[in-house]
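Asks: can't give you the sequence, but here's the structure:
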């Protein structure tokens, strides 16, 4: 994460008065990586919990090492989804909390400064909501990891990938559904939140991401990008079939 | 010493009221429950922390936190209540005009005189508004100038649009660039005899009053504008602040204090939940239909005829989705969508009178259709997560999921159309206080009881197939139409609770205190100096986006207050 001196963030964006939203702890929080460099250093997840989350999310959104047919297509592991999830679970331990990235711009589309790296102070109402939400999530992760381990005969990370899939498909206590939702966020969110490392999530789906202050030209809005034919096959064909048989 | 006016809510209605009062010499304070995500709002170009960030929006950055400040929804008094985000509108400085893609149609002549021009419908409380289209038209023009509406009225269809909402003058800015997907669907509309046109919208197509032109970033509907090419309520709020008004964010009004037939002031709590009292000579409620009704109920304002919070209207939406296999439509660029059709808002649309008759109704209407729009990757991924449960229950994740994301059938190849269906006012559709659920401050939350009547369902049944028809005519390989929320008639729906973000009614205007909460000027019938300036006062809902009409109505009303006070 880029560490930007506070004054420069404010001046560059013309946001001098926003100081009220950005308390002095900002620099400290920005310069303390959620999980730094090599080796596990998590805010909430224990070492084993993190490993289970890592292996499980790699089954949900597999990369090249998880599914040979996904060669060239990074997945949850490459996007660092586990770090995203831990950062979310521990967001309120940071100051400011890593819940809402700042604005108006990142440094990906024409701005030299990444305002989004400076997270925003929460209102007491937001703190109240997120405290209860994150406490519930933390409990669901504790119990979910235990359930996966139990179904794997002790250690989820020790079983075959086929067995992992079989266990996850049973969605014990809804944990797979929750994990999948969070893996999706970690895969396709703005990278300031700790996931989508090196923008691999966005690149894999040809997504431009945030676009300010560059925007698009009027021609890019109005004109066709040209033919790009999708030939229905596999799961895409099934989806089209499902929609075709839907009511109305 | 100038007289003191307190305004509850900094959204479109409250900001207009504050502007008029401050310019009229009143000492105005605007209370906003939510945070202020802007700096220096009286300047030409305020700063903001809004950004192109889908996760931030999904985490309710600009909305009430669904756990800390939930609402309760029931489809009927017998239904199981659902607690969470219900019709959540932005709770920040700027209110509902922060999240919008700023589509600014006018209501029609028949919306203001529905009872006189279209007649009653059994079971519904249809009344005329206290003014007609001709009277509100100059206020529309002032608001269009103030917030900067772009569009070309020369392209509006003579029938039905201009026939029902005539224009004396052009708009202050030319139209912005049309979106490719909207053009594709417009062509389909033309092929089946409909009348698409570039919709008016309050988004800068050129620099306007110190703010830049829109650069087509695409994070429009649902997002605060990072460059303020789209400001809505911030335009009148700027005028209010420049005329001396004070804005207090993170300040929730919890009670209107009264004595006899007067509002004496407000009780409000600050960010730290510390209670304060403020006296006033005039009080304006503009917290949005649901929260204004909630505040009136929390304050136990006099309500001798049990009207407060009743007749809420949200618009009965239906959604169409077309999937195009030959090309990617890049629907994520530009102003969410750029074209509309008004045909289905016309009670005389071919076949509609006959279908109404067969349903035992004197007439029905739906409303405008927005042509274009799609979802961004997080929402797209959630769609596949749901779909895979049906398609691949033995392994609803993995490679299949990633293949769907790359094919992007439900994002880059999707074009949505959204039908706004007029809601009739029903006494049973109401806001009251939930007997159990409290917000984080300990106050009872709004409970919403809301469902369609025979008119909404008959119109939906008639027009939903049209959404499929126009998408197919546009070349969609697959097209479906689905209700926004379920009903007995259409049990399969996109969502379980209403989220149309068009909230109206609850404190309707009318001359008769036995049938209306507020009078012809939006003054509370029981309290001489209490006024309502948001969508609460709408007696009927029209079939178009309500914000421009909220602002024009607030302008008319506040002009009367200043003139008469």
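Replies: Received it, and whenever you're ready, just let me know what you need. This is a predicted model, so every value here is computed, not measured.

Asks: against residue A:192, how distant is residue B:316?
Replies: 39 Å (Cβ to Cβ, to the nearest Å). In short, each C-beta sits where N, CA and C put it, glycine included.

Asks: neighbour count for these two, which is higher?
Replies: The residue with more neighbours, out of residue B:316 and residue A:192, is residue B:316; 30 against 25, by other Cβ atoms under 10 Å in any protein chain shown.

Asks: and the longest helix seen in chain A, is it in reach of chain B?
Replies: Secondary structure of chain A per DSSP state H: the longest helix is helix A:124-151. Yes: Helix A:124-151 is in contact with chain B by Cβ under 8 Å from any Cβ of the partner chain, via A:124-126, A:128-130, A:132-133.

Asks: so can I have JSON lines of the residues you listed showing neighbour count and distance to residue A:148?
Replies: Shown next, in JSON lines, are the residues of helix A:124-151 next to chain B (neighbours: other Cβ atoms under 10 Å in any protein chain shown; distance: Cβ to Cβ, whole Å):
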{"residue": "A:124", "neighbour count": "15", "distance to residue A:148": "36"}
{"residue": "A:125", "neighbour count": "24", "distance to residue A:148": "34"}
{"residue": "A:126", "neighbour count": "25", "distance to residue A:148": "31"}
{"residue": "A:128", "neighbour count": "18", "distance to residue A:148": "31"}
{"residue": "A:129", "neighbour count": "24", "distance to residue A:148": "28"}
{"residue": "A:130", "neighbour count": "23", "distance to residue A:148": "26"}
{"residue": "A:132", "neighbour count": "14", "distance to residue A:148": "25"}
{"residue": "A:133", "neighbour count": "19", "distance to residue A:148": "22"}
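
Asks: between these, which is nearest residue B:383?
Replies: Nearest to residue B:383, judged by Cβ to Cβ, of the residues of helix A:124-151 next to chain B is residue A:133 at 22.5 Å.

Asks: which residue is the nearest non-sequential neighbour of that closest one?
Replies: Take residue A:133 and drop its neighbours on the chain: the residue closest to it by Cβ to Cβ, 6 or more residues apart in numbering or on different chains is residue B:67, 5.6 Å away.

Asks: next, count neighbours for that neighbour.
Replies: Other residues close to residue B:67 by other Cβ under 10 Å number 21.

Asks: check residue B:350 too.
Replies: For residue B:350, the neighbour count with other Cβ under 10 Å is 9.

Asks: again with residue A:187
Replies: When neighbours are counted by other Cβ under 10 Å, residue A:187 registers 32.

Asks: and chain B, is the helix or strand that comes right after the longest helix of chain A touching that?
Replies: Proceeding N to C from helix A:124-151, the next assigned helix or strand is helix A:161-169, under DSSP states H and E. Yes: Helix A:161-169 lies within reach of chain B by Cβ under 8 Å from any Cβ, at A:165, A:168-169.

Asks: which residue ranges of chain A form helices?
Replies: A:6-13, A:25-31, A:47-60, A:76-79, A:81-89, A:124-151, A:161-169, A:175-188, A:200-204, A:218-222, A:234-244.

Asks: of all these, which lies closest to residue B:5?
Replies: Comparing the helices of chain A by Cβ to Cβ, helix A:124-151 comes nearest, at 26.3 Å.

Asks: SS state for residue B:45?
Replies: What DSSP: H, G, I helix; E, B strand; the rest coil gives for residue B:45 is coil.

Asks: was I right about it contacting residue B:207?
Replies: No: applying Cβ atoms under 8 Å as the test, residue B:45 and residue B:207 come out as separate, 10.0 Å apart.

Asks: joint contacts of the two?
Replies: Residues touching both residue B:45 and residue B:207 (Cβ atoms under 8 Å, 6 or more residues apart in numbering or on different chains): none.

Asks: OK, contacts around the most centrally placed residue in chain A?
Replies: Centroid check for chain A by Cα atoms, centre = their mean gives residue A:186 as the closest residue, at 1.4 Å. When contacts are counted by Cβ under 8 Å, 6+ apart, residue A:186 touches A:57, A:76, A:79-85, A:193-196.

Asks: out of those, who's near chain B?
Replies: Within the contacts of residue A:186, those near chain B by Cβ under 8 Å from any Cβ are residue A:193.

Asks: quick one: which of the contacts of residue A:186 has the most company?
Replies: residue A:76 (33 neighbours).

Asks: residue contacts, residue B:71?
Replies: Going by Cβ under 8 Å, 6+ apart, the list of residues near residue B:71 reads B:83-88, B:290, B:434, B:445-448.

Asks: so can I have TSV of the helices of chain A showing mean pLDDT and distance to residue B:330?
Replies: Formatted as TSV, these follow (pLDDT from 0 to 100; distance: least, Cβ to Cβ, whole Å):
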stretch	mean pLDDT	distance to residue B:330
helix A:6-13	28	28
helix A:25-31	36	34
helix A:47-60	98	28
helix A:76-79	98	24
helix A:81-89	98	27
helix A:124-151	98	34
helix A:161-169	98	34
helix A:175-188	98	17
helix A:200-204	98	15
helix A:218-222	98	7
helix A:234-244	95	19
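
Asks: which of the contacts of residue A:186 lies closest to chain B?
Replies: residue A:193 (6.0 Å; Cβ to the nearest Cβ).

Asks: tell me the confidence at the closest one?
Replies: pLDDT for residue A:193: 98.

Asks: residue A:100 is in contact with that one, correct?
Replies: No: using Cβ under 8 Å, residue A:193 is not in contact with residue A:100, being 9.8 Å away.

Asks: could you measure from the closest residue to residue A:197 other than its chain neighbours over to residue A:119?
Replies: Leaving aside its sequence neighbours, residue A:197 sits nearest to residue A:80 (Cβ to Cβ, 6+ apart; 4.1 Å). Distance, residue A:80 to residue A:119, using Cβ to Cβ: 18 Å.

Asks: again with residue B:15
Replies: 29 Å.

Asks: comparing the two, which residue is more hemmed in?
Replies: Ranked by neighbour count (other Cβ under 10 Å), residue B:15 and residue A:119 place residue B:15 first, with 37 against 23.

Asks: if I look at the more buried one, how far off is residue A:125?
Replies: Residue B:15 is 22 Å from residue A:125, by Cβ to Cβ.

Asks: start and end of stretch B:105-114, how far apart?
Replies: 18 Å (Cα to Cα, to the nearest Å).

Asks: quick one: residues contacting residue 151.
Replies: This is for chain A. With Cβ under 8 Å, 6+ apart, residue A:151 has these contacts: A:167, A:170, A:172.

Asks: chain B, not that one
Replies: B:171, B:173-175, B:198-201.
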